[in-house]
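**Student:** Coordinates only, no sequence provided:
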């Protein structure tokens with residue numbers, strides 16, 4: 001019983017962190033779902049409600065499936081129960097356990113890369129990345145895994161039928177499965193290059209002595225992936241000098257946030273700008289540049305909204321928020337982020353146009369419709385919400401206070 005209580009506590013905590021990568025911020029912060037997870041049970045909707053959202057990524061825009069928080073939490077529960085006794089090798093830094101923390105793990109990976117990079121006998125690094133891993137992982141590979149349970153197999157089969165995928169991008173449970181299913185390749189590298197590799201997600205870095213060894217290792221990994229129905233990305237799988245690595249995955253952008261922001265603008269360094277926006281205090285110059293920066297790099301929008309949550313009380317912050325509100329009228333991803341911000345600040349909720357609310361309320365994504373309903377209710381436009389979701393009805397019964405259970409704008413995106 002005590003073990004169950006510990007697991008349930010870890011599940012509710014990790015699911016709250018999981019929402020940091022949610023494409024559509026939850027209208028009520030998923031507080032009821034997190035409470036259910038702490039009790040070890042989740043009320044699952046009768047049908048798998050899937051919407052599709054165009055999301056700007058670093059190099060492209062991708063259509064991603066979006067599901068309600070209860071569906072996401074159900075998967076979270078099933079996966080952690082399935083992987084209860086599975087432990088990745090220490091060279092694997094991503095999504096290791098229910099209590100795994102993103103930022104500390106990322107720092108640990110950087111530290112390990114630098115340790116390996118200082119070795120004089122390993123001048124090259126082989127980077128191996130699977131081609132569209134989340135989309136291409138075959139269902140049968142997961143169903144045949146030794147840790148698979150019947151209940152999880154049933155859920156994954158239904159999910160695959162609805163989306164064509166086994167793993168949903170941005171979901172912690174999917175990253176946990178992806179980490180576990182690649183264990184055979186980890187075992188292979190442990191034999192071929194012991195102590196000289198590390199992994200994050202489906203991305204390996206193998207430190208090698210020369211090009212010949214790199215090709216040998218790459219061939220072995222290709223054979224191992226073929227047995228899993230997978231293949232390497234030709235574009236992302238490369239061999240490069242160790243020194244070049246530290247301008248990429250091990251690039252350190254830490255520092256005084258205003259200076260990191262200035263350097264990021266100067267160098268067109270999106271990683272630096274992401275770092276700065278999450279940490280910088282409200283600044284008129286940053287606020288005035290924000291809308292233009294997001295137009296140049298749409299992937300920065302979630303961090304821009306996180307910054308505006310602190311800056312919206314300033315004149316420049318309010319103006320930046322209004323610019324982003326106007327830009328969101330034709331973009332559901334932008335609408336989701338800016339409506340989450342409006343769901344936290346009354347002055348913004350009142351400034352959201354009927355046109356933007358109509359766009360969100362009429363889309364096929366239940367989470368975005370709920371966000372629109374929350375903002376409409378907070379700004380006295382009940383007529384735009386003919387049928388509030390049951391979760392919002394309970395919130396309405398409690399007074400529909402904008403300060404109660406607000407959507408989160410904290411993000412890892």
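**Tutor:** On my side now, so go ahead. Quick caveat: nothing in here was measured; it's all calculated off a predicted structure.
**Student:** Contacts for stretch 263-274, please.
**Tutor:** The contact list for stretch 263-274 (C-beta atoms under 8 Å, 6 or more residues apart in numbering) reads 58, 251, 253, 255, 260-261, 275-276, 289, 293, 297, 299-300, 303. All C-beta spots, glycine's among them, are computed from the backbone N, C-alpha and C.
**Student:** For PyMOL, what selects the buried ones among the residues you listed?
**Tutor:** In PyMOL, a selection of the buried entries from these looks like this (16 or more other C-beta atoms under 10 Å):
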select buried, resi 260+261+275+276+289+293+297+299+300+303
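**Student:** Please identify which pair of the contacts of stretch 263-274 lies farthest apart.
**Tutor:** 251 and 289 (22.4 Å; C-beta to C-beta).
**Student:** Show me what the lowest-mean-pLDDT helix or strand in the chain is packed up against.
**Tutor:** Lowest mean confidence among the helices and strands of the chain (mean pLDDT, DSSP states H and E): helix 2-18, at a mean of 83. If you count contacts as 3 or more C-beta pairs under 8 Å, 6 or more residues apart in numbering; DSSP states H and E, helix 2-18 packs onto helix 31-38, helix 69-82, helix 172-181.
**Student:** Distance from the chain centre to it, please.
**Tutor:** 19 Å (C-alpha atoms, centre = their mean, to the nearest Å).
**Student:** Okay, angle between it and helix 172-181 too, please.
**Tutor:** Here helix 2-18 points in a direction 110 degrees away from that of helix 172-181 (axes from the mean of the first three to the mean of the last three C-alpha atoms, to 10 degrees).
**Student:** Just the buried residues of helix 2-18, please?
**Tutor:** Applying 16+ other C-beta under 10 Å to helix 2-18 flags 7-8, 10-12, 14-16, 18 as buried.
**Student:** for stretch 359-377, same thing?
**Tutor:** Under 16+ other C-beta under 10 Å, the buried positions of stretch 359-377 are 359-361, 363, 365-377.
**Student:** hmm, who's touching it?
**Tutor:** 24-28, 49, 51-53, 66, 68-69, 329-330, 332, 335-336, 339-340, 342-343, 349, 352, 357, 382, 384-385, 388-389, 391-392, 395-396, 400, 407.
**Student:** Show me what secondary structure element comes after the strand or helix carrying residue 308.
**Tutor:** Using DSSP states H and E, residue 308 falls within helix 301-311. Next helix or strand after helix 301-311 toward the C-terminus (DSSP H and E): helix 315-327.
**Student:** For residue 74, grab the count of nearby residues.
**Tutor:** Residue 74 has 24 neighbouring residues, counting by other C-beta atoms under 10 Å.
**Student:** Okay, it and residue 11: tell me how far apart.
**Tutor:** In this view, residue 74 and residue 11 are 11 Å apart by C-beta to C-beta, to the nearest Å.
**Student:** same check, this time on residue 4
**Tutor:** 10 Å.
**Student:** Mind listing the shared neighbours of these two?
**Tutor:** With C-beta under 8 Å, 6+ apart as the test, residue 4 and residue 11 both reach residue 40.
**Student:** all helices for the stretch 151-300 of the chain, in order.
**Tutor:** Using DSSP state H, counting those that start in this stretch, the helices of the stretch 151-300 of the chain run over residues 172-181, 183-192, 211-226, 242-245, 257-267, 270-277, 284-296.
**Student:** Pick the most deeply packed of the ones you listed.
**Tutor:** helix 172-181 (a mean of 24; mean count of other C-beta atoms under 10 Å).
**Student:** which strands and helices sit next to that one?
**Tutor:** Using 3+ C-beta pairs under 8 Å, 6+ apart as the test, helix 172-181 ends up in contact with helix 2-18, helix 69-82, helix 133-136, helix 139-143.
**Student:** Wait, residue 355 touches residue 329, no?
**Tutor:** Yes - contact criterion C-beta atoms under 8 Å: residue 355 and residue 329 qualify, at 5.8 Å.
**Student:** quick one: which of the two has more around it?
**Tutor:** residue 329 (14 against 11).
**Student:** List the residues that contact that one.
**Tutor:** 335, 353, 355-356, 359.
**Student:** Tell me which residues of stretch 121-141 come out buried.
**Tutor:** So stretch 121-141, judged by 16+ other C-beta under 10 Å, has buried residues 122, 124-131, 133-134, 136-137, 139, 141.
**Student:** Pick out the most distant pair among those residues.
**Tutor:** 122 and 139 (37.7 Å).
**Student:** neighbouring contacts of the helix holding residue 308?
**Tutor:** 56, 273-274, 277-278, 280-283, 286-287, 290, 293-294, 317, 320-321, 324, 333-334, 337-338, 340-341, 344-345, 409-411, 413.
**Student:** What values do phi and psi take at the closest residue to residue 412 other than its chain neighbours?
**Tutor:** Nearest residue to residue 412, sequence neighbours excluded (C-beta to C-beta, 6 or more residues apart in numbering): residue 20, at 4.5 Å. Dihedral pair for residue 20: phi -70, psi -20, per degrees, to the nearest 10.
**Student:** Cross-check the contact I'm expecting between residue 20 and residue 411.
**Tutor:** Yes - using C-beta under 8 Å, residue 20 is in contact with residue 411, at 5.5 Å.
**Student:** Have a look at the two and say which one is more surrounded.
**Tutor:** Neighbour tally, residue 20 and residue 411, criterion other C-beta under 10 Å: the higher count belongs to residue 411, 20 against 17.
**Student:** residues contacting the more buried one?
**Tutor:** 20-21, 278, 302-303, 305-306.
**Student:** Next: residue 162.
**Tutor:** Neighbours of residue 162 in contact, by C-beta under 8 Å, 6+ apart: 48, 50, 65.
**Student:** And residue 49, by the same measure?
**Tutor:** Neighbours of residue 49 in contact, by C-beta under 8 Å, 6+ apart: 67-68, 71, 366.
**Student:** Tell me which of the helices and strands packed on helix 172-181 lies nearest to residue 243.
**Tutor:** helix 133-136 (27.6 Å).
**Student:** Appreciated, that's everything.
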